[in-house]
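J.: Requesting a structural model of the entry that follows:
(one chain, ligands or ions: 1)
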Amino acid sequence: MTSRGQRQLRQDIITTCQQMNALGINQGTSGNVSVRTDGGFLITPSGMPYDAMKPEQVVEMDLDGGYYGEFLPSSEWRMHFDIYRNRSEAGAVVHTHATFCTALSCLHENIPAFHYMIAVSGGTDIRCADYATFGTQSLSENMLEALEGRTACLLANHGMICFGPNLKKALWLATEVETLARQYWYARQVGAPALLDEAEVQTVLERFKTYGKQTQDLASGDALAVTPPPRRDAPRKVAARKKLAKSKAKSKAKSTGRRRVS
Ligand SMILES: [Zn+2]
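T.: A predicted model of the protein is given here:
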């Protein structure tokens with residue numbers, strides 16, 4: 001990776017931290033963010049306010065658990081490190097003390113399939129990892145177990161953690177999981193929510209493979225998650241559109257030219 005590319009990633013980490021707080025899904029500097037690089041990952045430094053953080057203060061770590069530079073990595077570096085070591089699909093990790101995730105984590109219960117969006121984390125529920133002291137290897141191991149087949153989990157009496165292919169997707173997932181936690185919390189205030197059965201969540205998981213995609217983004221053999229309404233106009237090819245625009249511009253130039261001559 002070029003040094004310019006790394007500097008951009010360092011800046012992206014700071015931006016993600018600021019967005020995390022602006023979105024209201026984190027408390028103070030308790031959250032931490034990291035992104036995978038060629039030989040390891042970049043992670044937020046320990047205890048530094050996000051608004052004062054400079055790109056050079058973001059800490060570089062390798063996949064043997066060592067770090068470079070003057071600044072200590074986040075006290076939760078082990079969780080980030082273990083995700084990158086064990087989940088090859090992880091490109092970025094977001095850990096926060098989001099209020100509703102944290103409140104639910106104190107019940108030591110999984111969030112069940114009360115809403116079909118539960119499938120965003122890849123399974124039929126969002127598990128809660130067993131409690132262990134912050135910053136310990138035990139916490140990291142409990143987290144890995146709760147993340148099996150999932151991309152997000154609660155951490156008992158602590159908060160939540162999730163990962164995605166990049167920082168944008170990881171932040172998006174953290175926001176979705178906090179929204180689910182809030183909705184589930186409210187539903188629980190007035191009764192026992194009716195849950196979707198296993199077969200229904202499997203159907204949703206299948207549909208999620210193409211959820212939110214446009215027709216042109218589909219791989220061959222894939223179908224849209226939901227049958228779209230019938231299209232009334234005939235789709236025009238991009239090349240045809242370009243050709244039309246070019247010929248329009250040409251004729252406009254010609255007519256302008258004629259006017260000038262006369
Ligand atoms: Zn934490």
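
J.: which regions of this protein sit below the pLDDT cut-off?
T.: For the chain, applying pLDDT under 70 flags the ranges 1, 238-245, 252-262.

J.: which residues in the stretch 101-250 of the chain form helices?
T.: For the stretch 101-250 of the chain, helices defined by DSSP state H, counting those that start in this stretch occupy the ranges 137-146, 167-190, 198-208, 238-261.

J.: export the ones you listed to TSV and tack on distance to His80 and mean neighbour count?
T.: (Glycine included, C-beta is placed from N, CA and C.) Below are the helices of the stretch 101-250 of the chain laid out as TSV (distance: least, Cβ to Cβ, whole Å; neighbours: other Cβ atoms under 10 Å):
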stretch	distance to His80	mean neighbour count
helix 137-146	9	18
helix 167-190	11	18
helix 198-208	25	14
helix 238-261	41	9
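
J.: For the ones you listed, could you give me TSV that also reports distance to Cys153?
T.: Converted to TSV, the helices of the stretch 101-250 of the chain look like this (distance: least, Cβ to Cβ, whole Å):
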stretch	distance to Cys153
helix 137-146	4
helix 167-190	9
helix 198-208	17
helix 238-261	42
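
J.: Where does Ala90 sit, in terms of helix or strand?
T.: Using DSSP states H and E, Ala90 sits within no helix or strand.

J.: these two touch, right, Val93 and Asp82?
T.: No - using Cβ atoms under 8 Å, Val93 makes no contact with Asp82, being 9.8 Å away.

J.: Which one of these two is surrounded by more residues?
T.: Val93 (28 against 19; other Cβ atoms under 10 Å).

J.: my read is that one is in a helix, agree?
T.: No - looking at Val93 with DSSP: H, G, I helix; E, B strand; the rest coil, it is strand, so not inside a helix.

J.: For it, give its distance to Gly221.
T.: As judged by Cβ to Cβ, to the nearest Å, Val93 and Gly221 stand 32 Å apart.

J.: I'd like to know how far the nearest residue to Phe208 once chain neighbours are set aside sits from Asp217.
T.: In space, and not counting its chain neighbours, Phe208 is closest to Ala119: 5.1 Å by Cβ to Cβ, 6 or more residues apart in numbering. Taking Cβ to Cβ as the measure, Ala119 falls 19 Å from Asp217.

J.: Neighbour count for those two, which is higher?
T.: Shown here are Ala119 and Asp217; by other Cβ under 10 Å, Ala119 has more neighbours (21 against 10).

J.: The residue nearest the centre of the chain: what's it in contact with?
T.: With distances taken as Cα atoms, centre = their mean, the residue of the chain nearest its centroid is Ala170 (1.8 Å). Counting by Cβ atoms under 8 Å, 6 or more residues apart in numbering, Ala170 makes contact with 16, 33, 91-94, 162-164.
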